[in-house]
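A.B. asks: quick one, structure for this:
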Amino acid sequence: MVSYTIMIIEVKNREILSDLLRRTGRGMKSDCTLHKGCGKCRVKLLSGLWESEGKLLPAPATAVACITRLKSCIGTIEIPDEQTSPPQSAETWSNVPALPRLAEAVIAVDMGTTTIAAARIENGSIVKSASAFNNQISFGDNVMSRIANSKENFSALRSALLETIKKLLEELDYQNVERIGIAGNTVMNCFLHGISPFSIGFYPFKAPQLLFPERRDLWGEKSVVTLPSLTGLLGGDITAGLYESQLEVGEMLIDLGTNCEIIFLSSAGLFGTSAAAGPAFEGAGISCGSRAAPGAIDHYCSDGRISVIGGIKPYGLCGSALVDFLAVERARGNLDRFGRFTSGAKCFEIAPGISVNEEDIAELLKAKAAVYAAVKTLEQYCGEPLRRLKIAGGFARYLDPESARKIGLLPPCPALICGNLSLAGAAHCAVTPGVLEEMSGLSKKIREIHLNECPGFEANFTAGLLLL
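C.D. replies: Numbers count the residues shown, from 1 in each chain. As a prediction, the model looks like this:
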């Protein structure tokens, strides 16, 4: 495993290591909301004297960053590269209208919960792109964790977000662009504009604000425009997707991610919902899980072959490969309908040192069930058959729709992978800010459906827990 070291020169007030790393732009992933449960922020202590849970810990040693402090003046640590190396950027979109070819340069930002992607656009085309993990990740892998943390750590969460975006803007030479367009979910939008998202964390999930003003005080005096949210749980990212995808009657837009957002255009109008799929498809909570970064296995084939992002030695499986694994091994008869190994084995090795166990499969089936139940319940609520899916989001970039259909993640209808529609919408607003007014009107056309109030949702969820 490739690693790199960081020299820690000074730590004030016995600062927690994960806090220091986040402050210096090296935020580490965490599935446990900093409650020391997941162990994924584990690092090697190479030198120095450290303290963990009240006990002295001299180097060399292994420790969890979220509960470790430096006691000596200087210490060195080694971090696995998959913890902090930039993820594969997702700056592509397809099957959407072309951007106007204007002379002035602009920047578009997809402000994701896990990954932030940005692109510099000139004459209607991307000329340079960049991406990074959202530094808020050390406060938890999902928006609900960050909402919970916002009560005590709002300033730190907002700073982490602004700092992540600024580094990408600097990489794209933002000083000489005309405008910056940003699309994100409602929680990210609130953090960006200095508004507490706390009310979104509990029923009826009401957003403190859906429309956000132009700003000229975030990064110098540059004009920053933010795509409007539709509801508390349907943010600017799905607004962008809805605007760009140009749905026809019978089509459904699904943004696959930790929070799965869905829009269905029926003959009666637009209906929207969201499902808490959880971070399993992004590798969180999975023993061998990884985000779609170099070294992650992105596909698992029926003949046992694998493909690895970047063509380097693999260290884990990202969501698309996990979906492939379920489809392949179910077809082979190695998994029963409940996701248990028919051989009685405890785990299944994909590659040397990379195995999937039944606990991992259980987490994947819960995420699958959430998506399946949301799609099925929304279709039933509208009383019309689903004709075609349009799939957006980072996870969908690598997803094989056929594998997804085989395990019951997606329904058996044609599917179109559209790529990063959130970034496409942000680009559209940056190039032509007048479309913001049209986007703002979309919230009045959406009827939001709360799944837990729909008859049949629990039955659909239970059915979704089984493999086909």
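
A.B. asks: going forward, measure contacts between C-alpha atoms and count neighbours the same way
C.D. replies: Noted.

A.B. asks: any weak-confidence spans in this protein?
C.D. replies: 1-15, 19-40, 74, 79-91, 94-95, 284, 394 (pLDDT under 70).

A.B. asks: please redo it, this time with the cut-off set to 50
C.D. replies: Counting by pLDDT under 50, the chain contains low-confidence ranges at 1-13, 25, 31, 33-35, 85-90.

A.B. asks: show the contacting residues for the residue nearest in space to the middle of it.
C.D. replies: Nearest to the geometric centre of the chain sits T114, at 4.0 Å (Cα atoms, centre = their mean). Contacts for T114 (Cα atoms under 8 Å, 6 or more residues apart in numbering) come out as 133-134, 137, 141-142.

A.B. asks: would you list the residues you listed in JSON lines and tack on distance to F281?
C.D. replies: Output for the contacts of T114, formatted as JSON lines (distance: Cα to Cα, whole Å):
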{"residue": "F133", "distance to F281": "16"}
{"residue": "N134", "distance to F281": "17"}
{"residue": "I137", "distance to F281": "16"}
{"residue": "D141", "distance to F281": "12"}
{"residue": "N142", "distance to F281": "12"}
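
A.B. asks: quick revisit: if I look at the residue nearest to the centre of the chain, how far off is N134?
C.D. replies: 5 Å (Cα to Cα, to the nearest Å).

A.B. asks: go on, S422?
C.D. replies: Applying Cα to Cα, the value for S422 to N134 is 16 Å.

A.B. asks: for K44, same thing?
C.D. replies: From K44 to N134 the distance is 23 Å (Cα to Cα).

A.B. asks: could I have the CA atoms of stretch 306-325 written out in CSV?
C.D. replies: Output of stretch 306-325 as CSV, limited to C-alpha atoms (Å, rounded to 0.1, in the frame of the first residue of the first chain):
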residue,chain,number,x,y,z
ILE,A,306,-11.5,-7.5,-12.0
SER,A,307,-10.8,-4.0,-13.2
VAL,A,308,-9.0,-1.4,-11.1
ILE,A,309,-9.3,2.4,-11.3
GLY,A,310,-5.9,3.7,-12.3
GLY,A,311,-4.6,0.2,-13.2
ILE,A,312,-2.7,-0.1,-9.9
LYS,A,313,-2.6,-2.7,-7.1
PRO,A,314,-6.2,-2.9,-5.6
TYR,A,315,-6.9,-2.1,-2.0
GLY,A,316,-10.7,-2.3,-1.9
LEU,A,317,-14.0,-2.5,-3.8
CYS,A,318,-16.1,0.6,-4.7
GLY,A,319,-19.9,0.5,-5.0
SER,A,320,-20.1,-0.6,-8.7
ALA,A,321,-17.9,-3.6,-8.0
LEU,A,322,-20.0,-4.6,-5.0
VAL,A,323,-23.1,-4.5,-7.1
ASP,A,324,-21.3,-6.7,-9.7
PHE,A,325,-20.2,-9.1,-7.0
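
A.B. asks: from the middle of its chain, how far away would that stretch be?
C.D. replies: Offset of stretch 306-325 from its chain centre (Cα atoms, centre = their mean, to the nearest Å): 17 Å.

A.B. asks: just the strands in the stretch 51-200 of the chain please.
C.D. replies: Counting by DSSP state E, counting those that start in this stretch, the segments of the stretch 51-200 of the chain that form strands are 55-58, 61-64, 68-70, 75-80, 106-111, 115-122, 125-133, 179-184.

A.B. asks: and K44 and N134? Which one has more around it.
C.D. replies: Neighbours were tallied for K44 and for N134 using other Cα atoms under 10 Å; the higher tally belongs to N134 (26 against 19).

A.B. asks: I figured I67 hits K55, correct?
C.D. replies: No - judged on Cα atoms under 8 Å, I67 makes no contact with K55 at a distance of 10.8 Å.

A.B. asks: these two: which has the busier surroundings?
C.D. replies: I67 (19 against 9).

A.B. asks: look up how far L17 lies from the more buried one.
C.D. replies: Going from I67 to L17 by Cα to Cα gives 7 Å.
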